[in-house]
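1. For reference, the sequence and a predicted model appear below.
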Amino acid sequence: MFGFSKKTNLIERTETEYPLQDVKEPNMFRNLFPYNEPPKIAFNHRLVPINMPDEIWITDTTFRDGQQSREPYTTEQIVKIFDYLHHLGGPKGIVRQSEFFLYGKKDRDAVYKCMEKGYQFPEITSWIRASTKDFQLVKEIGLEETGILVSCSDYHIFDKLKMTRKQALEHYISIIKECIEAGIKPRCHLEDITRADFYGFVVPFVRDLMLLMEETGMPIKIRACDTMGYGISFPGAVLPRSVSGIIYGLNHHARVPSELIEWHGHNDFYRAVQNSSTAWLYGSSSVNCSLFGIGERTGNTPLEAMIFEYAQLRGTLDGMNTRIITEIAEYFKKEIGYEIPPRTPFVGDEFNVTRAGIHADGILKNEEIYNIFDTELLLNRPIKVAITNTSGISGVAHWINTYYNLTGENALDKKHALVEKVKEWVDLEYESGRVTAITDKELSIVVNEYKEKLGFKF
Ligand SMILES: CC(C)C(=O)C(=O)O
């Protein structure tokens, strides 16, 4: 069996099922990543079984990967967002952890202020430079776990670290041992796993980590980082791009229990949400996300999206308060000045706005026809109709009813005189050459004018 050598810090391997392949030349997987062409998706048609863990959850990286990619939040903003995450995730802690930098005084102040809240969830976890000094800092602050970077592709090992695979593995193991000796749980960020040699480096390395876990009794988390967003969720896609293959392999070949596996996705190919759900489905308990997907380059997996993926996969919100999502979006827009693209699912200004007249007609009859779910109930965002040249008279009636909150017998139908007058005004606008949509403000002025002229009150 394996055993840790006191002399070398290394595991002495007597079992050779997955030996480290200490290659002389880096494997850049040029068949998949030619660089001068778009990357390729190849299939070997190997399928692994779906195996969703009994418990799944979300972890948050808004303050780490999120902040890394934008100007820093103020301490006050961090505390406010942390508060929102607590209320959003509910008593079962579906938003289980949130990750914080500890670099500067401002970072640490934010951690202290969030700790003062005394919330069970999200647990506060850290991200540090892997050094003795920083391990002591984690300890002093009173945190239990820290993230440590253990980049695993040859792009990083050979070209960034200028090491061999064996040297990298030895280096990582010695850091992780130091972390454990300091009494802190390591969370190993396997950077660039979707370009790494899975059986030649990832599995041997992670098996060593699992052995270290067994020997020390200290849980070691494995975060599978799809750093460049190359992960593929299609069944039968080849490693290292296959998300299901990576999760299955970590679980079965490297023997990492599901509750210690976390997927960290990026959205470079629009795949972050799909890949995160796939990670859940194939055995990872945890998916790491950031609010609105704010993160490096195209961003991370949007946390709010995974709230709705959770609800769909589990058939329950499990105590999460989804209406908080709209409050968070308002806070980001008004207090942080972050512009959310209007068509962003769940949070954009127009995510449940319809423009087509034929849709508006359907909505007047039953809003379920053109709304994804009761967006008023779940997000405090009633379905809206925007008025353009194609909105039709039903659109105008719906707009007035929503804007002025006219329901039941007070609601105007499309034959109402006021609706007809407003529609005439809209038609005239477009006949005179207008090409833009009519804003709520403009339309409310017109409605108010006709209301007075026609003597209606509401
Ligand atoms: C820096 C690393 C851990 C990361 O966030 C990523 O790989 O995306």
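-> Happy to help now that I have it.
2. Tell me which stretches of the stretch 51-200 of the chain form helices.
-> 65-68, 75-89, 105-116, 132-141, 154, 165-181 (DSSP state H, counting those that start in this stretch).
3. Buried deepest among those helices, which one?
-> helix 154 (a mean of 24; mean count of other Cβ atoms under 10 Å). C-beta: built from backbone N, CA, C; applies to glycine.
4. Contacts made by it with the rest, please.
-> 23, 26-28, 165, 195-197, 201 (Cβ atoms under 8 Å, 6 or more residues apart in numbering).
5. Look up how far the ligand lies from residue 315.
-> Using Cβ to the nearest ligand atom, to the nearest Å, one obtains 31 Å as the distance from residue 315 to the ligand.
6. Burial check on that residue, number of neighbours?
-> Look at residue 315: counted by other Cβ atoms under 10 Å, it has 8 neighbours.
7. Which of the helices of the stretch 51-200 of the chain sits closest to the ligand?
-> helix 65-68 (4.9 Å; Cβ to the nearest ligand atom).
8. Run a quick neighbour tally on the closest residue to the ligand within the stretch 351-458 of the chain.
-> Going by Cβ to the nearest ligand atom, the ligand is nearest to residue 351 of the stretch 351-458 of the chain, at 26.7 Å. Applying other Cβ under 10 Å, we find 19 other residues in the vicinity of residue 351.
9. Ok, the one 10 residues further on next?
-> Taking other Cβ under 10 Å as the criterion, the count of residues near residue 361 is 20.
10. swap in residue 339?
-> Close neighbours of residue 339, defined as other Cβ under 10 Å, add up to 8.
11. Residue 55 contacts residue 286, doesn't it?
-> No - applying Cβ atoms under 8 Å, one finds residue 55 not in contact with residue 286, separated by 9.5 Å.
12. does the ligand sit close to stretch 146-156?
-> Yes - using Cβ under 6 Å from any ligand atom, a contact is recorded between stretch 146-156 and the ligand, made by residue 149.
13. Just the C-alphas of that stretch, formatted as CSV.
-> Output of stretch 146-156 as CSV, limited to C-alpha atoms (Å, rounded to 0.1, in the frame of the first residue of the first chain):
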residue,chain,number,x,y,z
THR,A,146,-8.5,27.6,2.6
GLY,A,147,-8.1,27.3,-1.1
ILE,A,148,-4.7,26.5,-2.6
LEU,A,149,-3.8,26.7,-6.2
VAL,A,150,-2.5,23.4,-7.6
SER,A,151,-2.5,24.0,-11.4
CYS,A,152,-2.7,20.6,-13.2
SER,A,153,-2.3,21.0,-16.9
ASP,A,154,1.1,20.9,-18.6
TYR,A,155,0.4,24.5,-19.9
HIS,A,156,0.8,25.5,-16.3
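14. all numbers from here: first residue = 472
-> From this message on, residue numbering opens at 472, which makes the last subject stretch 617-627.
15. for the host helix or strand of residue 775, what is the average pLDDT?
-> Residue 775 belongs to helix 774-785 when assigned by DSSP states H and E. The pLDDT scores in helix 774-785 average 98.
16. how about the CA coordinates for that helix, as PDB?
-> Listed next in PDB are the C-alpha coordinates belonging to helix 774-785 (Å, rounded to 0.1, in the frame of the first residue of the first chain):
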ATOM      1  CA  LEU A 774     -25.200  31.800  -9.000                       C
ATOM      2  CA  GLU A 775     -28.700  32.800  -9.700                       C
ATOM      3  CA  ALA A 776     -28.900  30.400 -12.600                       C
ATOM      4  CA  MET A 777     -27.800  27.500 -10.500                       C
ATOM      5  CA  ILE A 778     -30.500  28.400  -7.900                       C
ATOM      6  CA  PHE A 779     -33.100  27.600 -10.700                       C
ATOM      7  CA  GLU A 780     -31.100  24.600 -11.900                       C
ATOM      8  CA  TYR A 781     -31.200  23.300  -8.300                       C
ATOM      9  CA  ALA A 782     -35.000  23.800  -8.100                       C
ATOM     10  CA  GLN A 783     -35.500  22.100 -11.400                       C
ATOM     11  CA  LEU A 784     -33.300  19.100 -10.700                       C
ATOM     12  CA  ARG A 785     -34.500  18.600  -7.100                       C
END
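17. count of neighbours near whichever residue of the stretch 772-921 of the chain sits closest to the ligand?
-> Distances between the stretch 772-921 of the chain and the ligand by Cβ to the nearest ligand atom are smallest at residue 772, namely 10.7 Å. Residue 772 has 30 neighbours, counted by other Cβ under 10 Å.
18. Looks like it contacts residue 741 (just checking).
-> No - between residue 772 and residue 741 there is no contact under Cβ under 8 Å: 11.4 Å.
19. gap between stretch 584-594 and the chain center?
-> 21 Å (Cα atoms, centre = their mean, to the nearest Å).
20. So what touches that stretch?
-> Stretch 584-594 is touched from outside by 530-531, 546, 549-550, 553-554, 556-557, 560, 562-564, 566-569, 571, 595, 613, 615-616, with contacts defined as Cβ under 8 Å, 6+ apart.
21. Endpoint to endpoint, that stretch covers what distance?
-> Terminal residues of stretch 584-594 are spaced 13 Å apart (Cα to Cα, to the nearest Å).
22. Ok, stretch 825-845 next?
-> 15 Å.
23. List the buried residues for that stretch?
-> Residues 825-828, 830-835, 838, 841-842 are the ones in stretch 825-845 that count as buried (16 or more other Cβ atoms under 10 Å).
24. Could you check stretch 659-675 against the ligand for contacts?
-> Yes - Stretch 659-675 lies within reach of the ligand by Cβ under 6 Å from any ligand atom, at 660, 662.
25. just to revisit the earlier point, just the residues contacting the helix holding residue 775, thanks.
-> By Cβ under 8 Å, 6+ apart, helix 774-785 touches 523, 527, 529, 531, 533, 559, 565-566, 744, 747-748, 751-752, 758, 760-764, 788-789, 791, 793, 796, 799, 816-818.
26. Can you say which of those are buried?
-> Using 16+ other Cβ under 10 Å as the burial test, the contacts of helix 774-785 include 523, 527, 529, 531, 533, 559, 565-566, 744, 747-748, 751-752, 758, 760-764, 788-789, 791, 793, 796, 799, 817-818 as buried.
27. about what we covered before: measure the residue of the stretch 772-921 of the chain closest to the ligand to residue 731 for me?
-> If you measure residue 772 against residue 731 using Cβ to Cβ, to the nearest Å, the figure is 19 Å.
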